[in-house]
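Peer 1: sequence-free structure coming up:
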Ligand SMILES: Nc1nc2c(ncn2[C@@H]2O[C@H](COP(=O)(O)OP(=O)(O)O)[C@@H](O)[C@H]2O)c(=O)[nH]1
Ligand SMILES: Nc1ncnc2c1ncn2[C@@H]1O[C@H](COP(=O)(O)OP(=O)(O)O)[C@@H](O)[C@H]1O
């Protein structure tokens, strides 16, 4: 699958609720040589989310400081919160020949395409907008307002899918995973 001697950066983008987290969890179980970059966010933790595992949860002041001190490889505002990729952890892993996954939204993926043009950028699409909304509602982790913001943003993101090296529809999870594995 992946050449273990060369550290590769793989960007996975797609609308909120499409199944990025679900897909990545499966990938990490199957391929221990893959590492997921843990992002920094100003969003509040959801029940069960763990600081340092799901995200580093920080204040807006701390986030701003990280931006100013150029500690982030990329960052963006999404649905009213800030998200960013800590630079050092990713650089260290890549230099050590490890493969690193970034699960980030569109603006961040665009920044990476400038700063890391060699990164493989993959966009995950939902079968339909209605199904995307169903998944967000069934996941039941976000308020009505947060879901509405995510659906609104999804339209812009989906329209930009053509900027990515590959697009993939997460209809059936196992099928989508099998297709994704062929891209690495
Ligand atoms: N640019 C950027 N986007 C991120 C980062 N971490 C997470 N995101 C994106 O931010 C969006 C919202 O994430 P989250 O609040 O966890 O919601 P969820 O994707 O619906 O589970 C998603 O599109 C994530 O891919 C990051 O470090 N940088
Ligand atoms: N292929 C699929 N078919 C049906 N439901 C799915 C599929 N993939 C993921 N889901 C469900 O959709 C919801 C959103 O998935 P999640 O991985 O949290 O998305 P994201 O990380 O992109 O926001 C979750 O409840 C998850 O169990």
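Peer 2: Received it, and whenever you're ready, just let me know what you need. Predicted model only: the values in this text are computed from it and were never measured. Ligands and ions are numbered 1, 2, ... in the order given.
Peer 1: So for the helix or strand containing residue 145, mean pLDDT?
Peer 2: Using DSSP states H and E, residue 145 sits within helix 144-159. For helix 144-159, mean pLDDT is 95.
Peer 1: Okay, now the sheet partners of the helix or strand just after that helix, with direction.
Peer 2: Counting by DSSP H and E, the next helix or strand C-terminal to helix 144-159 is strand 166-169. Strand 166-169 has its sheet partners listed here by DSSP bridges as strand 120-125 (parallel).
Peer 1: Mind checking if the partner strand is in reach of ligand 1?
Peer 2: No. If you take Cβ under 6 Å from any ligand atom as the test, strand 120-125 misses ligand 1, and the best it gets is 10.0 Å. (Glycine included, C-beta is placed from N, CA and C.)
Peer 1: Next, the buried residues of the very next helix or strand once past that strand.
Peer 2: Where DSSP H and E defines the elements, the next helix or strand beyond strand 120-125 is helix 129-139. Neighbour counts over helix 129-139 (16 or more other Cβ atoms under 10 Å) mark 132-133, 135-136 as buried.
Peer 1: Which residues does helix 129-139 contact?
Peer 2: With Cβ atoms under 8 Å, 6 or more residues apart in numbering as the contact definition, helix 129-139 has outside contacts at 15-19, 126, 142, 147, 150-151, 154-155, 158.
Peer 1: what do you get if the cut-off is 6 Å, keeping everything else the same?
Peer 2: 15, 17, 126, 147, 151, 154 (Cβ atoms under 6 Å, 6 or more residues apart in numbering).
Peer 1: Point out where the chain drops to low pLDDT.
Peer 2: For the chain, the stretches flagged by pLDDT under 70 are 1-6.
Peer 1: before we move on, the earlier item: pipe the buried residues of helix 129-139 into TSV and attach distance to residue 169 per row.
Peer 2: Below are the buried residues of helix 129-139 laid out as TSV (distance: Cβ to Cβ, whole Å):
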residue	distance to residue 169
132	11
133	16
135	13
136	17
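Peer 1: For ligand 2, state which of the residues you listed is nearest.
Peer 2: Distance to ligand 2 across those (Cβ to the nearest ligand atom) is lowest for residue 135, with 3.5 Å.
Peer 1: ok, now how distant is that closest one from residue 80?
Peer 2: Separation of residue 135 from residue 80 (Cβ to Cβ, to the nearest Å): 20 Å.
Peer 1: Any residues of this protein in contact with ligand 1? List them.
Peer 2: Residues of the chain lying near ligand 1 by Cβ under 6 Å from any ligand atom: 16-17, 20-21, 39, 43, 74-76, 78, 83-85, 103-105, 107-108.
Peer 1: Just the buried residues out of these, in PyMOL syntax.
Peer 2: In PyMOL, this line selects whichever of the residues of the chain next to ligand 1 come out buried by 16+ other Cβ under 10 Å:
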select buried, resi 16+17+20+39+43+74+75+76+78+83+84+85+103+104+105+107+108
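Peer 1: Thanks a lot, catch you later.
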